[in-house]
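Enquirer: Okay, sequence plus prediction incoming.
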Amino acid sequence: MDTLLEKLKEHGLVTSQAIAEATDRQWREGGNLIYHLVEMGAVTEEDLLSFYQKVLGIHTVRLKEVEIDPEAVWHIPYRIAQKYFLIPIKRTRKTLIVAMANPLNQRARKEMEFVTDLEIIPLGAMLSEIKDAITQHYGKKDLPLDLGAFWLRPRRELTLKNLEHRGILPGDLVSHKIEPFLKASSTGLTILGPPQSGKTSLLHAIANRILAEDPDRGVLLTQGGALKDLLVEGQEIGIFPSIRTYLEPYTFLLIDDLEQVFGGPRFEELVEWFLAKGASVVATTSQEISTFESSPKLFGWLRQWDTILLSAAEVELPAHIRSKPEAQQHSEVGLIQEAEPFPSVSLEFLAEQAKGKGVAFRVLPATTGTYPAWVLHGIMDLSKRILNAAEPGDSITLRTIESDRGWIVEFETKGLLLMVGEEAVRDSFGGRKIRLQKRPGHGGYVTLQIEIAKEESQDV
């Protein structure tokens, strides 16, 4: 049973009979259970809002009394807003504040986090006000299927220059791979790497690069699962020609997670038509190229297209990269730390750099779990600070532990922690409230322990 329904039943706001009837309606008509409970009169919107605030301690909002930021709305596709009855209202640098009819819906939160790469801050809101806001901000639909709902707007802060400046995207990757691709036509580019290697961030940066050069150049950015939904629904209601008409003005199609649209109806036909009209395709995937062998045309395109390798771990290197010297292969590795879970691949890359200067940097496997983006940034930033202070012969060990209460990050080394200093440690974690403890160990080693409470990660 849904977590919210369990709590509503536990506190006597709805009955088991009402939940059963709402579930039956959902099965027959679609929609979500909160919608049907309200429509049935089993619970009022006012009661739900009061319940969120007074019983669950969740902040609420009356949408009629706040101004919704259009920039925030752009981050969530219409299909997600309509499916879960939610509306984004404000965007901060790393968070998206969203009004939700069911603020406990973890599936909706995960889907939004996947699409936006932002931390989602849910607020409880009235379903009727959310419906009105969706209509107002997403507009009326002329077709039986809202074609505009399946595309994303690139995150503006993700640019190639910014990624280069932060030292997480090699400059020669841009000059030797991305720029030549943008000047070509009727071609494709594959971004290959394991999950959480930064494929999505790079895809958004490429989209912004295209638009910065010429705002009138048509760029379509979509998630593979959304594109497959579009093709399936489009075929069912017979509007595939309308889909092609919609795509006609665009010159770039950017697909995140190609494997999710793989096998979708008429997908190869759509890509073939797109390339034939002189447009180009960029696709990310975490799957080996051989995974697509059952689709001859797609497999052929992927073998011909140039490839950006974000990590050699867990993926098959394309033949044209395997044939290059190892140093040149590494120059094509971009590591972008904007995601969860623990960025072990990125830290392994730091370890390789440290090894080159005679420093041993050992990263112990992280415990299972996920980490807020600011925690990951702090770990990476502090690791770089310590390595910059290191001298040949130094040894550093990093371990992380996740518990119900929060995260513990430990660095063990000789002398370097004194050189980095407490102020630099706190600065790495953005001035957040953290507890620091230094413990002497055997052989002159010192352990710096950083304790981060999970409550602090909710501070926005």
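Expert: Sure thing, it's come through.
Enquirer: Identify each buried residue in the longest helix along the chain, please.
Expert: Longest helix in the chain, counting residues (DSSP state H): helix 373-389. Neighbour counts over helix 373-389 (16 or more other CB atoms under 10 Å) mark 373-383, 385-387, 389 as buried. Using the backbone N, CA and C atoms, a C-beta is placed for each residue, glycine as well.
Enquirer: what about the strands in the stretch 151-300 of the chain?
Expert: All strands of the stretch 151-300 of the chain, identified by DSSP state E, counting those that start in this stretch, fall at 188-192, 219-223, 252-256, 280-285.
Enquirer: out of the ones you listed, nearest to H11?
Expert: strand 219-223 (37.0 Å; CB to CB).
Enquirer: List the buried residues in the closest one.
Expert: V219, L220, L221, T222, Q223.
Enquirer: so what secondary structure elements neighbour that strand?
Expert: Using 3 or more CB pairs under 8 Å, 6 or more residues apart in numbering; DSSP states H and E as the contact test, the elements touching strand 219-223 are helix 199-213, strand 252-256.
Enquirer: Just give me the lowest mean pLDDT stretch among these.
Expert: Comparing mean pLDDT across the helices and strands packed on strand 219-223, the weakest is helix 199-213, with a mean of 86.
Enquirer: could you check the angle strand 219-223 makes with that one?
Expert: Counting by axes from the mean of the first three to the mean of the last three CA atoms, to 10 degrees, helix 199-213 lies at 170 degrees to strand 219-223.
Enquirer: Show me what counts as buried in helix 199-213.
Expert: Result for helix 199-213 [16+ other CB under 10 Å]: buried residues 199-211.
Enquirer: go on, stretch 22-41?
Expert: A22, T23, R25, N32, L33, I34, Y35, H36, L37, V38.
Enquirer: quick one: contacts for the fourth one?
Expert: This means N32. Q26, K83, Y84, F85, A101, N102 (CB atoms under 8 Å, 6 or more residues apart in numbering).
Enquirer: Pull the contacting residues for the last one.
Expert: For N102, the contact set (CB under 8 Å, 6+ apart) comprises D2, L4, N32, I34, Y84, F85, A108.
Enquirer: Format the residues you listed as a markdown table; extra columns: distance to G188 and pLDDT.
Expert: What follows is the contacts of N102, written out as a markdown table (distance: CB to CB, whole Å; pLDDT from 0 to 100):
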| residue | distance to G188 | pLDDT |
| --- | --- | --- |
| D2 | 42 | 57 |
| L4 | 44 | 79 |
| N32 | 38 | 70 |
| I34 | 42 | 81 |
| Y84 | 33 | 83 |
| F85 | 37 | 88 |
| A108 | 33 | 86 |
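Enquirer: Including secondary structure and distance to K64, could the residues you listed go into JSON lines?
Expert: As requested, these are exported to JSON lines (DSSP: H, G, I helix; E, B strand; the rest coil; distance: CB to CB, whole Å):
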{"residue": "D2", "secondary structure": "coil", "distance to K64": "27"}
{"residue": "L4", "secondary structure": "helix", "distance to K64": "23"}
{"residue": "N32", "secondary structure": "coil", "distance to K64": "22"}
{"residue": "I34", "secondary structure": "helix", "distance to K64": "19"}
{"residue": "Y84", "secondary structure": "helix", "distance to K64": "20"}
{"residue": "F85", "secondary structure": "coil", "distance to K64": "16"}
{"residue": "A108", "secondary structure": "helix", "distance to K64": "22"}
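Enquirer: Tell me which two in those residues are the farthest apart.
Expert: Between any two of these (CB to CB), the greatest distance is 13.4 Å, for D2 and F85.
Enquirer: Those two: which has the busier surroundings?
Expert: Shown here are D2 and F85; by other CB atoms under 10 Å, F85 has more neighbours (24 against 17).
Enquirer: where does the more buried one sit relative to Y35, distance-wise?
Expert: 6 Å (CB to CB, to the nearest Å).
Enquirer: Quick check: neighbours shared by the two?
Expert: Common neighbours of F85 and Y35 (CB under 8 Å, 6+ apart) are A101, L127.
Enquirer: In TSV: the helices and strands packed on strand 219-223, plus distance to A279.
Expert: TSV is the format used below for those (distance: least, CB to CB, whole Å):
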stretch	distance to A279
helix 199-213	12
strand 252-256	7
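Enquirer: closest to I396 out of those?
Expert: Here helix 199-213 is closest among those (CB to CB), at 26.9 Å.
Enquirer: Could you list the low-pLDDT ranges of the stretch 101-250 of the chain?
Expert: 139-150, 163, 165-172, 194-197, 215-217, 236-239 (pLDDT under 70).
Enquirer: again, only using 90
Expert: 102, 104-118, 131, 134-186, 190-202, 204-205, 208-220, 222-250 (pLDDT under 90).
Enquirer: And the spatially closest residue to K357 that is not a sequence neighbour, how close does it get to T245?
Expert: Among residues not flanking K357 along the chain, P392 sits closest, at 6.4 Å (CB to CB, 6 or more residues apart in numbering). P392 sits 63 Å away from T245, going by CB to CB.
Enquirer: With neighbour numbers in mind, choose between those two.
Expert: Neighbours were counted for P392 and for T245 using other CB under 10 Å; T245 has more, 11 against 7.
Enquirer: now the residue nearest the centre of the chain: how far from K110?
Expert: Computing the C-alpha centroid of the chain and ranking residues by CA atoms, centre = their mean puts D117 first, at 3.1 Å. Using CB to CB, we find D117 at a distance of 12 Å from K110.
Enquirer: Next, the contact list for F267, please.
Expert: L227, K228, L231, V261, L298 are the contacts of F267 under CB under 8 Å, 6+ apart.
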